[in-house]
Each structure stands twice: as C-alpha cells, then as structure tokens.
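>>> Pasting the sequence and the predicted model now:
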Amino acid sequence: EAEIVFGPLTAIQVTRTRVEGSVLVVEARISVNLTGITVEEDAARMQTSHLQLIKMIYDKFAASHAPVSALEPLEVVKSYSEKRSPRWFNVPENFKQSMVAALDARAQVLRDLSSMSAWREVSEHRAKHMRQLAGLCTLEGDHDVAVKLLRMSFEAEETEQRCKSLLQLQHTSSTTLHHASPPRSVDASPQRISSQRSTSPLSRSSTMASLKISKLDLKSVGNALIERKKASTQTTFMQSVRAEVGEMFAHQPFTTDEVRRVAALIWILEHAGAAPPWTTTIVHLVRGSSRESDFHVLLVTFLRTFNLFLPSEPCKDALVYAVVADDKARPPIRKGKIRRIIHSDDGGPTYVLQLDRSTTMESRRVMLVEEGGAGAIMREAARLNNATLVSKLLDASVSPTCCSSHGVTALHLA
C-alpha cells in the first residue's frame, strides 16, 4: 500500500470500470476544480449572504453619493457580523436576527439622510446628490424619504445661491475699494519722496475721510447690485417658483417649506414626466399639507404645462385596450394600436385596431394606455385611497378608463 497526497481542490473522476478475471478495475483521472468552494466557505454560506446584503445596500447609497458619516450604521453591523463565528449564522433564528439588524441599519441611514446635519460634510454639488438619493429612494419604495430629500435639495440650493451672492458682493466691494484709493505718483525724485513721507496729520485725516466715504459708496453699490439682480431676467429656479406661486395664491402666500414642495413637484414633472415609480412620490408630495387642495390645483396646472394630459378621445396610432366581450372565442379585452377611425352617426366612432402583423379587429369601446402622466397619477391616487386628488383629476377631464400597459385602470385599484 502507498499513501498518495493530492493538493487542495483536487478530485478523482471515475471514467469507466472493467473486470479482469476476478478483479474490478476502476479507471479514474485527476480533476482540479479551481472554482469550487472549500469546506470552510461552505460552512460560511449564511454569513456570506448576510455580508453581501450589507455590501449591496452600502454600494447603492455610495453610488448615489450619500455622505460617508450617514452610512456608519451599516459599517457597524458589517464589523460586528465579520467578528462572529460563521456557524452562528447557520442557526435559523440567529440568521433572521442578523438580517433584521441589517435592514434596521438601512432604515437608520434613511433617517440620517433626511436630516440636514448629515450633509454638512458635503461641500460641493449637495443639492444634486440629494436628488440622486431621492431617485434611489423612489425606486426602492421609500417615497416619504424621497420627498424630504427633494425639499432639502432646494433648501441647500438656496443656501449655496446666497453664499455665491455674498461672495460676489464681497468681491465687488473689494474691487470698488481698491479703485477708490488715490493713485500714487510715479515720480521718484528725492524731493517728491520726502514730501510723501512727511504727510501732515491733516492730510492723513482727509485720506481716512475719503476711505470712509468710499465705504458708504460701497453700501450703495451693493444695494444697486441687489436691485439689479432682482430686476434681471436671469432669476434662479426658486425665485421663479416663488413668483409663479405668489401670483396664483396672492390672497394666502405659501410658506418657505411649501414653496420647496412646489419646486420639488415641478422638478419631478420636468425630469421624470410623472412616470412610475415617481407617480407614488408625487401623491406623497401633494398630501399631508394643510393646503392640500391648493397643491392639487397646482398639480393639475403643471400637468397641463408639461403636456402630461392625454387627449380626451383616442386618435390614430394610439395604443389601446379594446373591449371584445361579444366574441366568446377571444379574450374580453385585447391590446392593439389604432390604425383607422370610422365615424358614423349611430353610436359613435368605430376603431380599427392592429393586434399583430396579420390580425386586425374593430371595436367601439377602447381604453387608452398611459404609463405616465395624469392617468398614472390617478391610478396611484386611487390605490392610496386619495379620493380628493382623484376627484380633482376627474374634474380636469382625466379619463377613469385610462389604463396601464397591463390593462389596469383606476377603477381596478380603488
């Protein structure tokens, strides 16, 4: 007998067997699996999956430029889990406890990100990073946090704008002060130099007086710059929002926080077009305020401004679901594109639909498909039982039969 020792991750693969007399011969070959896991790694599978979850959560926040200090709860859970024995995670109750701790750490990160104090370490592009994180929260269903981040982003933007204005004003003041100083003579004669050195106290006091006058002039220059900026057409986004909301609700001005809500609403409609999952964030944004009805008016107004209303009647090439309940051999509703509209005096128009390359059908009852826009917001408001917003959209002529790409309408979700 001889003992043969193989290297790690080495296996013996049986290729075939044969019989020679009374001996069974087994033919085998050496197989090395470099991708196989070790016994220790196999025992630590549960711990590895837990650490991978923490890493996935951390990487998502980091990719959206979350402040490092806000991610500390995830770092603490990761450090604690790495110190534990891998076999501890193999107990179901312990594994459940560790996963709950990871999700609790994520919830703590979201709470920290909703506070302005967590963003003090971010010096550049603060508002932009807040909006990136708002997009991440919207995708993952944390809509209330997304609303807070959007409102904070406009607060940060205003702060940055004020700082820039102060720096520009300070720079203008220092430039004016420099030009207000009397120019020194270039004459380098000894007599001229001596006369300059022996300046009388009266002349020095007159020089100080001229500097004081210059400082008073600087104040008037600063006021003129501020008035010119107010009169300029190149206003900031928040200034234009305040002006527009102020004209619409002059009888009861909006607070600063309410103006930021309006700015967040405009930003979503402009950049996302009220497409899912932003529709849920929009419904969360316009509710929970003492002036919820005014926000509904603004939402309808901005939906029209950004052309997010579908036409009241289906038109050619529109994607629709057609009702074919009379034909028992086919499904009750079928999805297709309108190719032709036949107008008649008895019962309204008939729509000729293209279902696929070779199939067409006619129907008088169709439902427009709208993934985003006013129809999508109505479906989300119905799902969240926001009857006031649904009523406001119905008054604005949004069709209750407007459906998603799967044929779901607000009536299905109410």
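Nice, I can see it.
>>> Please list all residues in contact with Ser404.
Going by C-beta atoms under 8 Å, 6 or more residues apart in numbering, Ser404 touches 369-371, 376, 379. Where C-beta positions appear, they are placed from N, C-alpha and C, glycine not excepted.
>>> ok so Met152 is a helix residue?
Yes. Using DSSP: H, G, I helix; E, B strand; the rest coil, the assignment for Met152 is a helix.
>>> For the stretch 251-400 of the chain, just list every one of the strands.
319-323, 333-342, 350-354, 360-363, 366-368 (DSSP state E, counting those that start in this stretch).
>>> scratch that, the stretch 1-150 of the chain is what I was asking about
Counting by DSSP E, counting those that start in this stretch, one finds strands in the stretch 1-150 of the chain at the ranges 10-20, 23-32.
>>> which one of the ones you listed lies closest to Met46?
Distance to Met46, taken as C-beta to C-beta, is lowest for strand 10-20 among the strands of the stretch 1-150 of the chain, at 25.0 Å.
>>> Distance check, Arg334 against Val408.
Distance, Arg334 to Val408, using C-beta to C-beta, to the nearest Å: 15 Å.
>>> Of those two, which one has the most company?
Arg334 (18 against 13; other C-beta atoms under 10 Å).
>>> Name the residues linked to that one by a beta bridge.
Going by DSSP bridges, Arg334 is paired in beta bridges with Ala322.
>>> okay but it is in contact with Val324, surely?
Yes. If you go by C-beta atoms under 8 Å, Arg334 and Val324 touch, sitting 6.0 Å apart.
>>> anything in contact with each of these two?
Joint contacts of Arg334 and Val324 (C-beta under 8 Å, 6+ apart) are Met361.
>>> Could you state which residue of the protein sits nearest its centroid?
In the chain, the centroid-proximal residue (C-alpha atoms, centre = their mean) is Gly135; its distance is 1.9 Å.
>>> Was I right to think it contacts Ser64?
Yes. Look at Gly135 against Ser64 with C-beta under 8 Å: they come within range, at 7.5 Å.
>>> check contacts around Met378.
Met378 touches 389-390, 393-394, 398, 400, 402, 410, counting by C-beta under 8 Å, 6+ apart.
>>> Low-confidence stretches in the stretch 101-250 of the chain?
Counting by pLDDT under 70, the stretch 101-250 of the chain contains low-confidence residues at 162-238, 244, 246-248, 250.
>>> distance of Leu74 from Tyr80?
From Leu74 to Tyr80 the distance is 11 Å (C-beta to C-beta).
>>> Of those two, give the one with the bigger neighbour count.
Between Leu74 and Tyr80, Leu74 has the larger neighbour count (other C-beta under 10 Å), namely 20 against 11.
>>> Now do Arg291: how many residues are near it, please.
With other C-beta under 10 Å as criterion, Arg291 counts 16.
>>> ok, the closest residue to it other than its chain neighbours - how many residues close by?
Nearest residue to Arg291 in three dimensions, chain neighbours excluded: Glu258, at 6.5 Å (C-beta to C-beta, 6 or more residues apart in numbering). By other C-beta under 10 Å, the residues close to Glu258 number 19.
>>> Pretty sure Glu258 sits against Val286.
No. Contact status for Glu258 versus Val286: not in contact, 11.0 Å apart, counting by C-beta under 8 Å.
>>> circling back: redo the strands of the stretch 251-400 of the chain as TSV? Include mean pLDDT.
Compiled in TSV, the strands of the stretch 251-400 of the chain are given as follows (pLDDT from 0 to 100):
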stretch	mean pLDDT
strand 319-323	84
strand 333-342	84
strand 350-354	84
strand 360-363	80
strand 366-368	85
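>>> picking up where we left off before, quick one: which of the contacts of Ser404 sit in helices?
In helices, judged by DSSP state H, the following of the contacts of Ser404 are found: 376, 379.
>>> Could you give me the ChimeraX syntax to select whichever of the contacts of Ser404 are buried?
Only the buried entries of the contacts of Ser404 go into this ChimeraX selection, using 16 or more other C-beta atoms under 10 Å:
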select :369,370,371,376,379
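>>> Greatest separation within the contacts of Ser404: which pair is it?
Top of the distance list for the contacts of Ser404 (C-beta to C-beta): Val369 and Arg379, 11.8 Å.
>>> any residues in contact with both of those two?
Contacts common to Val369 and Arg379, judged by C-beta under 8 Å, 6+ apart, are 402, 404.
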